[in-house]
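Student: 3D, please:
(one chain, ligands or ions: 1)
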Amino acid sequence: METNEKTLLIDKRYNCPVCEQQIRAKAVKSNSARFVNTMPDLRPIYSNVNITKYDAVCCPNCGYAALTPNFNTLTLTQKKIIQDKIQANYKSHEETECDFYTTEMAISRMKMALLCTITKGAKDSEIGNVCLKISWLYQALADELPEDAPDTTSKKELYLKEADNAAMKAYEHLTTARMHEEYPMAGMNETTLDYILSYFAYKKGDYQIAMQFLSGVVSNRSTSPRLKDKALELKDLIAKAKEQAS
Ligand SMILES: [Zn+2]
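Tutor: Numbering: from 1, shown residues only. As a prediction, this is how the structure comes out:
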């Protein structure tokens, strides 16, 4: 994957809304990623690049970071908070020159985005979306482990635990967002959000709640065929888990 990844990327320029410096972040060229599938937690899988690695923009001058669509949408109050709480404590550095972001780099970028997103008092949907992407990145990191290394089992366990922790934080924030915010939120419409909440409830072992979220997804006429298939697969998983639990 890595040898070709460079050719799929472009350096995008941004004006940082906090320190007003011009910065760069790598982005996947449009139409260059080859879609394969989405996992049950909606983690997108592409055959030639992990697109989630390029979903955050980070300023190396002031430490401000956010998901790409949210990078420039700071209010003046939020700008001031980031200046006081992030920039004031941040050691600026040159942009790291690299051909592509490793998954480790992407995780630290996404964690910076999480810190800033929480600090600026963003909506729950935005915080939940960052947590979801951190969960996906840790799963990708676990997938990348060599099969035969002696510490693979322990590392995999650690990464998947981090992924689960982030997923449960996403669950918390997206549940709150569902009660207070308008669709689309975190880039999701109503049925997609209910599907992912159902999946998280299932992971947590709250099968009753998982079924409640899911029933709306299955019966809603606007649910896409692809999502409906995923919802039916999840329904089977929940039914099996319920059986085992009883
Ligand atoms: Zn900046």
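Student: Quickly find the element holding residue 78.
Tutor: Residue 78 is part of helix 76-85, with elements assigned from DSSP states H and E.
Student: quick one: the helices in the chain?
Tutor: 2-5, 76-85, 103-119, 124-144, 152-180, 190-204, 207-219, 225-245 (DSSP state H).
Student: how close does the residue nearest to residue 185 when sequence neighbours are not counted get to residue 53?
Tutor: Computed as Cβ to Cβ, 6 or more residues apart in numbering, the closest residue to residue 185 that is not its neighbour in sequence is residue 125, at 3.7 Å. Where you see a C-beta, it was placed from the backbone N, CA and C, and this is true even at glycine. According to Cβ to Cβ, to the nearest Å, residue 125 stands 22 Å off from residue 53.
Student: Which one's more surrounded, those two?
Tutor: Between residue 125 and residue 53, counted using other Cβ atoms under 10 Å, the more crowded position is residue 53 (25 against 22).
Student: Which residue, other than its chain neighbours, is closest to that one?
Tutor: residue 106 (3.7 Å).
Student: got the residues of the protein near the ion?
Tutor: 16, 18-19, 59, 61-62, 64 (Cβ under 5 Å from the ion).
Student: just to revisit the earlier point, okay, the helix holding residue 78 in CSV with CA atoms only?
Tutor: Extracted in CSV, the C-alpha atoms of helix 76-85 (Å, rounded to 0.1, in the frame of the first residue of the first chain):
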residue,chain,number,x,y,z
LEU,A,76,-14.3,34.5,17.6
THR,A,77,-14.9,33.1,21.1
GLN,A,78,-13.5,29.7,20.1
LYS,A,79,-10.5,31.3,18.5
LYS,A,80,-9.7,33.2,21.7
ILE,A,81,-10.1,29.9,23.7
ILE,A,82,-7.7,28.1,21.4
GLN,A,83,-5.2,30.9,21.6
ASP,A,84,-5.3,31.0,25.4
LYS,A,85,-5.5,27.2,26.1
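Student: That helix packs against which elements?
Tutor: Where contact means 3 or more Cβ pairs under 8 Å, 6 or more residues apart in numbering; DSSP states H and E, helix 76-85 is packed against helix 103-119.
Student: ok, back up a step: make CSV from the residues of the chain next to the ion and add neighbour count to it.
Tutor: As requested, the residues of the chain next to the ion are exported to CSV (neighbours: other Cβ atoms under 10 Å):
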residue, neighbour count
16, 23
18, 24
19, 19
59, 29
61, 18
62, 22
64, 29
